[in-house]
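**Student:** Predicted model, plus sequence, below.
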Amino acid sequence: MPVSANPADLLLVNGKIVTLDAASSVTEALAIEAGHITAAGSTDELQKFAGPSTEIIDLGGRTVIPGLIDSHIHAIRAGFRYATEVNWEGAADITEALERLRSAAAREKQDEKQDEKQDSWLIVAGGWTPRQFAENRRPTEAEVASASSGHPVYIQLFYGYALINAEGRDRLGLKSDGDLPDDAKFEHDKEGNATGWIVGKGPAIISLYSRLPKPQMEQAIDGTRKFLRELSSFGLTGVIDPGGHNLSPSDYAALFRLWRNHELPLRVVYSIFARRPEKELEDFQAATQFLPMGTGDDWLRFNGIGECVTWGMYNNESPSEADKEAFYRVARWAADQGMTLTVHWNNDRSVHHLLDVLERVNREVPIAPLRWSIAHLHDASDASLQRMKALGVGWLVQDGLYFAAPSYIAERGQAQMERSPPIVSARRLSLPVGGGTDANRVMIENPFVSLRWMLDGLTVDGIETRGPAEIPSREQALRSYTEGSAWFAHDENRKGRLMPGMLADLAVLSDDYFTVPVSDIAKIKSLLTVVGGQIVYAAGSFSGLEPQRR
């Protein structure tokens, strides 16, 4: 067979390659050159692309999918603190969770002995729920004390609770309710004894967390590198990051350092979160004077503003006319600048306030080309989805109900839960839908947990929620995590499908996503993750293929 005039840099053969093209084609081999897919076909057909320097990888029948893209994940914040926090993801009981604290305390003690420094904080910043534990409860302060070896401890549960142990309270000067942020108080049991837990609304918990020490630059770089590698192990080749609480502009430095050093293992598209109440427009204008929409490259790129656009329209069910006017001014400015905008909104009962403002902006500046989006909105009604469709606004869906469904059912009833979120209804309208997690404060970052939840609606402790009418097919769910998410970054013609001309972003899976039992989808990992034709993660039989990194 004659050799192609342009031999491939990388040739993947003998696989089950799910292209997600319009025909949902499955092929055996891909040729990759200069970061892009140049050909797809049978193994025999693509042998002609093998040259003297071509790397050929036999996939051994493994399933290959386009690289996954999380359309709403706080990856920059998670990475910034990843090296200095303790992760309770997947801990089956309190004993296992405490053992992770105990191990972290032992490591810190060793480091402190070498550096002669004060006991470091042990921080669990989220991504867990009592319902994942066999005991179905929060750990007590006494249990935490038994594992912490004298370290100050901060444990956050969603945005409603935080446990700070005696050492931590002493460090922060927290002796009574008067020392806490507004709307926060110490929790007491039935006998009136303090439990060590602090109860408060979101802003209070955010304020408490802000009092904790920040990582040093080298810790932030190390944590960012490790967290992004964790994402690579799940087959994620891209993230869309909406900023977030407790994340200042200087905290982006670690990410930027890795980007400058060409060390990012996946593509990061990010937006800017509003910083100061009543100063949002001023701050956005100042931050973007030399940062026009789309600044960056294929590895790191600026993608507009949100998910907090203005504080008066953030988690506010009853915004005033002044709140809506302030939001309008920022949104109209963003539209004039050609910027993408994403908005955090939880409840359909109040989303009309937001949609009214978006429709007002749209009457003056068409927003459909700008790829604006609404994140969360698990209970979106058909009417709201139709208004979004008419505006060209997309919907970012996360698996928060995997943890939080019982409280959702208690508030809204089982009938609403049956259609929450209405994924199939949105797809029926051809509304752009992006899959994601909202990790890592309120959810874990594993996309296969999210995909499994899309397909069976089961919570972390096995409660059945979403009804069959709103359960998508496996292909539909996967498309939301690939070309669906890519749409929100203006990249659907470059990412999300494995076709000639597309960026060579893909994952070789440990198991076949399309044939394993749905319950086993959450166990899938990537054995080989490729971004732009570069191997960024390798495991199992492919482990020897990963280039050595620091």
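**Tutor:** Alright, I've got the coordinates. Numbers count the residues shown, from 1 in each chain.
**Student:** got the contact list for Phe234?
**Tutor:** Taking C-beta atoms under 8 Å, 6 or more residues apart in numbering, we find Phe234 in contact with 68, 445-448, 525-526. For the C-beta atoms, the positions are set from N, CA and C on the backbone; glycine is no exception.
**Student:** okay if I get those residues as a markdown table plus secondary structure and distance to Ala83?
**Tutor:** Listed next are the contacts of Phe234 as a markdown table, based on DSSP: H, G, I helix; E, B strand; the rest coil; distance: C-beta to C-beta, whole Å:
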| residue | secondary structure | distance to Ala83 |
| --- | --- | --- |
| Leu68 | strand | 24 |
| Glu445 | coil | 16 |
| Asn446 | coil | 19 |
| Pro447 | helix | 22 |
| Phe448 | helix | 24 |
| Lys525 | coil | 22 |
| Ser526 | strand | 22 |
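**Student:** Would you list the phi and psi of Pro366?
**Tutor:** Geometry field for Pro366 lists phi and psi as phi -60, psi 130, criterion degrees, to the nearest 10.
**Student:** Could I get the contacting residues of the residue positioned nearest the centre of the chain?
**Tutor:** Nearest to the mean C-alpha position of the chain, by C-alpha atoms, centre = their mean, lies Ile73 at 2.1 Å. For Ile73, the contacting residues are 239-241, 436-440, 445, by C-beta under 8 Å, 6+ apart.
**Student:** Pull up the gap between it and Ala253, please.
**Tutor:** 20 Å (C-beta to C-beta, to the nearest Å).
**Student:** roughly how far apart are the closest residue to Gly392 other than its chain neighbours and Asn303?
**Tutor:** Nearest non-adjacent residue to Gly392, counting by C-beta to C-beta, 6 or more residues apart in numbering: Ala368, 2.6 Å away. As defined by C-beta to C-beta, Ala368 lies at a distance of 16 Å from Asn303.
**Student:** Phe256 sits in which helix or strand?
**Tutor:** helix 253-260 (DSSP states H and E).
**Student:** Dump that helix to PDB, restricted to CA.
**Tutor:** C-alpha atoms of helix 253-260 as PDB (Å, rounded to 0.1, in the frame of the first residue of the first chain):
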ATOM      1  CA  ALA A 253      -1.600  32.900  38.500                       C
ATOM      2  CA  ALA A 254      -0.900  29.200  39.000                       C
ATOM      3  CA  LEU A 255      -3.100  28.300  36.000                       C
ATOM      4  CA  PHE A 256      -1.400  31.000  33.900                       C
ATOM      5  CA  ARG A 257       2.000  29.700  34.900                       C
ATOM      6  CA  LEU A 258       1.200  26.200  33.700                       C
ATOM      7  CA  TRP A 259      -0.200  27.700  30.400                       C
ATOM      8  CA  ARG A 260       3.000  29.700  29.800                       C
END
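**Student:** buried sites along it?
**Tutor:** 254-255, 257-259 (16 or more other C-beta atoms under 10 Å).
**Student:** Same check on stretch 481-497?
**Tutor:** 481-492, 495-497.
**Student:** If the closest residue to Ala40 other than its chain neighbours is in a bridge, with which residues?
**Tutor:** Spatial nearest neighbour of Ala40, excluding adjacent residues (C-beta to C-beta, 6+ apart): Thr27 at 5.0 Å. Note on Thr27: beta-bridge partners Ile17, judged by DSSP bridges.
**Student:** Take stretch 203-222, keep the C-alpha atoms, and write them as CSV.
**Tutor:** The C-alpha trace of stretch 203-222 is given here as CSV (Å, rounded to 0.1, in the frame of the first residue of the first chain):
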residue,chain,number,x,y,z
PRO,A,203,-22.7,34.3,52.0
ALA,A,204,-21.8,33.5,55.6
ILE,A,205,-20.1,30.2,54.7
ILE,A,206,-18.3,31.9,51.9
SER,A,207,-17.1,34.6,54.4
LEU,A,208,-15.9,31.9,56.8
TYR,A,209,-13.9,30.2,54.1
SER,A,210,-12.3,33.4,53.1
ARG,A,211,-10.6,33.6,56.5
LEU,A,212,-8.6,30.5,55.8
PRO,A,213,-4.9,30.8,54.7
LYS,A,214,-4.3,30.6,50.9
PRO,A,215,-1.8,28.2,49.4
GLN,A,216,1.7,29.4,48.5
MET,A,217,2.4,29.7,44.8
GLU,A,218,4.2,26.4,44.5
GLN,A,219,1.4,24.7,46.3
ALA,A,220,-1.1,26.3,44.0
ILE,A,221,0.9,25.2,40.9
ASP,A,222,1.2,21.7,42.3
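**Student:** Fine by me, we can end here.
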